[in-house]
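>>> requesting a structural model of the entry that follows:
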Amino acid sequence: MALGRRPACRESSMARRAGRKLGTLLCLSLVLAAVCPCEDRSDTSKATVTVYRNSGRGTLKNPPVYMDEVQLAAMANKRYFSVTVDAGRHQFWSTRKDSLQIQLQAGKNYYILAQYPETTGVNGFNMKPRLHLFQVVEEQGKRDISQLGLKQLEKEHLFNGAGH
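Here you go, the predicted model:
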């Protein structure tokens, strides 16, 4: 009987060693996957749009900003927000009837300046100012946000997934 037990003990110790090695390999592979991602995990079918408002005009107003038919934000003064959206053609608009149409490319960043126009109308007074949206190049948008010290738009002014 003693002879019959030894192989069982030897097999169980070999199984334990194999289990430890397998566990070690599994742990190492998880650590490597977290530290050294071999593939890009970002969604390459999306584009990032940042909308910012830099002027002091209309400071008491937080006009809406829309993309297509969805309100993204109530745009406060000297603030910005970003949204990640599907690539393709999109329409951005606010209180002004015409819109800004942009063909968004996947993996690219876009910047939109939201501002009230210079005073127009009777005697330089605009009775119904409308927020205008202008596309600016990425470098200018980044520079404006940085140099003007714009802050991220507060969460209570963001809607429908805007503001990451």
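>>> got the contact list for residue 137?
Residue 137 sits next to residue 111 when contact means Cβ atoms under 8 Å, 6 or more residues apart in numbering. C-beta coordinates here come from the backbone N, C-alpha and C atoms, glycine included.
>>> quick one: it from residue 84, how far?
The gap separating residue 137 from residue 84 is 20 Å, by Cβ to Cβ, to the nearest Å.
>>> can you give me the helices for this structure?
2-35, 138-147 (DSSP state H).
>>> which of these has the lowest average pLDDT?
Lowest mean pLDDT within the helices of the chain: helix 2-35, at a mean of 51.
>>> just the CA atoms of stretch 97-108, as PDB, please.
Output in PDB follows, covering the C-alpha atoms of stretch 97-108 (Å, rounded to 0.1, in the frame of the first residue of the first chain):
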ATOM      1  CA  LYS A  97     -31.000  80.100 -37.300                       C
ATOM      2  CA  ASP A  98     -28.100  79.100 -39.500                       C
ATOM      3  CA  SER A  99     -25.800  76.300 -38.500                       C
ATOM      4  CA  LEU A 100     -22.200  75.200 -38.800                       C
ATOM      5  CA  GLN A 101     -21.900  72.000 -40.700                       C
ATOM      6  CA  ILE A 102     -18.700  69.900 -40.200                       C
ATOM      7  CA  GLN A 103     -17.600  66.600 -41.700                       C
ATOM      8  CA  LEU A 104     -15.900  65.000 -38.700                       C
ATOM      9  CA  GLN A 105     -13.100  62.500 -39.400                       C
ATOM     10  CA  ALA A 106     -12.500  59.600 -37.000                       C
ATOM     11  CA  GLY A 107      -9.600  60.200 -34.600                       C
ATOM     12  CA  LYS A 108      -9.500  64.000 -35.200                       C
END
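>>> quick one: buried residues of that stretch?
Neighbour counts over stretch 97-108 (16 or more other Cβ atoms under 10 Å) mark 100, 102, 104 as buried.
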